[in-house]
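Visitor: Quick one, fold the following:
(2 chains)
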Amino acid sequence: MHLVHGLIVCDECDSVYRKPDLRPGEAATCPRCGARLDRGTSSARRARQLPLTLAGLVVFVIANLSPIVTMEIQGVSNATTLWQAVLSLYRQGMLPISAAVFCTAILFPLTLLAAHMVLLWPNSQNRHPRVFALISRLMSMVRPWVMVEVLLLGILVAVVKLSHMAEIDPGVGLWAYGALTVLLACVLSSGPQEHWTDGIQA
Amino acid sequence: MSTTERPPRARDIGLVHCHHCGAVWSAAPPHARCSRCGCKLHARKPDSIARTWAYLLAACILYIPANLLPVMVTRGLLGEQSDTIMSGIVYFWVTGSWSLAAIVFIASFLVPLLKLVALLLLLVCAQFKTRWRRRQRACLYRLVEAVGRWSMLDIFVVTLLAGLVQLQSLATITAGPGALSFGAVVVLTMLAAQSFDPRLIWDTGDPTPP
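Guide: Numbering: from 1, shown residues only, chains lettered A, B, ... in the order given. Alright, predicted model coming up:
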């Protein structure tokens, strides 16, 4: 079994192509099935990834610690963070749902950001190739299950739903989730294949 | 484009590529691992059709209680009210929030239903190796993969409402049994889409599909 250089295979239809030379901003799509094959990246864009990931981690902590919304009905007010909402669901005996929300909105986004941080850290691939490979695989495993953008829309729907019957005051958490959605979109624009360069082996 | 210019397919010329890191290997033995990133190499996802059927059938069965049972129970001074997915959408509609009614209708009702139908179509076509509209089916698969996650919307809404509306005497909101089935439908259809191998769309017997 040996590595073939200079070829690219479409993930979705198995077609083989010569690896195109792409400039930054260019993308190659498979003429047969239309799937994205590869995209050109610039070193500047790659260099931005680490600070963006770091910012994502900071915003993640803020988003999780601050109340998302405060609600007030007839002088009684209540604020909730996502953690409290998950706990309250758990106490109602809805373990599977609270676990799903915990994973998709707290655990997996954190795992993704932390993993991305390790992968982007200068020279991490050369120093610990096995750990690098493991973390890279972990990252692509949790990636489809990170649903911060869906949570953000969910928060907005919940706010509108409650605004009919109570005073609603959006908290820091809401803005933090908005920022986290944007940062995650920037960070996720690179696929796992960008971390792997020819020649380095686990 | 003439037939000779069509790109070959990796399995036909003895190549296999790593799904994770993109490395292309020749003469890989069966059950080998990628020596670059350590992932299992396979020309096609193992038992793709059987696994997708299993997830899809489970999702279809749970789709019924997900829509019939209440996802949210509101207890207030004026008594108890149970909301299903549909009655939640109707509530938005009659209170004048049409855009939200549309968003929730699309995310919670249309997307899960169309996803079940689309996966069913993809599976049946792949199983019969039909050459019917392969490019459009490939496109449909990408769409299913991309929009599936948005159905979690209602689960997040219920979670936040259950966390926020806990005002003992005035009102409390709890999640209902329908939320369990609905969450399971979303997760199962996502697993079904992940276990389906889109390369099966193109495995139709002709050496170089268009």
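Visitor: distance of B:Y91 from B:L113?
Guide: Distance of B:Y91 to B:L113, computed by CB to CB, to the nearest Å: 20 Å. To be clear about C-beta, it is placed using only N, CA and C from the backbone, and glycine gets the same treatment.
Visitor: Compare neighbour counts for those two and give me the winner.
Guide: B:Y91 (17 against 14; other CB atoms under 10 Å in any protein chain shown).
Visitor: mind listing what's buried in the biggest helix by length in chain A?
Guide: With residue count as the measure and DSSP state H as the assignment, chain A has helix A:43-65 as its longest helix. Using 16 or more other CB atoms under 10 Å in any protein chain shown as the test for burial, helix A:43-65 gives A:Q49, A:L50, A:L52, A:T53, A:A55, A:G56, A:L57, A:V59, A:F60, A:A63, A:N64.
Visitor: possible to save those residues as CSV with pLDDT and distance to chain B?
Guide: CSV is the format used below for the buried residues of helix A:43-65 (pLDDT from 0 to 100; distance: CB to the nearest CB, whole Å):
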residue, pLDDT, distance to chain B
A:Q49, 88, 17
A:L50, 90, 20
A:L52, 93, 22
A:T53, 93, 20
A:A55, 96, 23
A:G56, 96, 19
A:L57, 96, 22
A:V59, 97, 18
A:F60, 96, 17
A:A63, 95, 13
A:N64, 93, 13
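Visitor: thinking again about what came up before, tell me which other helices or strands the helix or strand that the longest helix of chain A is followed by touches.
Guide: Next helix or strand after helix A:43-65 toward the C-terminus (DSSP states H and E): strand A:69-73. Helices and strands touching strand A:69-73, by 3 or more CB pairs under 8 Å, 6 or more residues apart in numbering or on different chains; DSSP states H and E, are strand A:76-80, helix A:148-163, strand A:167-170, helix B:153-164.
Visitor: if we go to 6 Å?
Guide: Counting contacts by 3 or more CB pairs under 6 Å, 6 or more residues apart in numbering or on different chains; DSSP states H and E, strand A:69-73 packs against strand A:76-80, strand A:167-170.
Visitor: Against chain B - does the helix or strand bottoming out on mean pLDDT in chain A have any residue that ends up touching it?
Guide: Every helix and strand of chain A was ranked by mean pLDDT, DSSP states H and E. The lowest is helix A:124-127, at a mean of 79. No. Helix A:124-127 does not reach chain B (CB under 6 Å from any CB of the partner chain); its nearest approach is 10.5 Å.
Visitor: cool, and stretch A:11-27?
Guide: Yes. For stretch A:11-27, a contact with chain B is found by CB under 6 Å from any CB, at A:E12, A:C13, A:D14, A:S15, A:V16, A:Y17.
Visitor: In TSV: the residues you listed, plus pLDDT and neighbour count.
Guide: Shown next, in TSV, are these (pLDDT from 0 to 100; neighbours: other CB atoms under 10 Å in any protein chain shown):
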residue	pLDDT	neighbour count
A:E12	91	21
A:C13	90	24
A:D14	91	28
A:S15	92	24
A:V16	92	19
A:Y17	92	18
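Visitor: So in that sheet, which strands flank the worst-scoring helix or strand of chain B on mean pLDDT, and in what orientation?
Guide: Least confident helix or strand of chain B, by mean pLDDT, DSSP H and E, is strand B:166-167 with a mean of 80. Taking DSSP bridges as the criterion, strand B:166-167 forms sheet pairs with strand B:171-175 (antiparallel).
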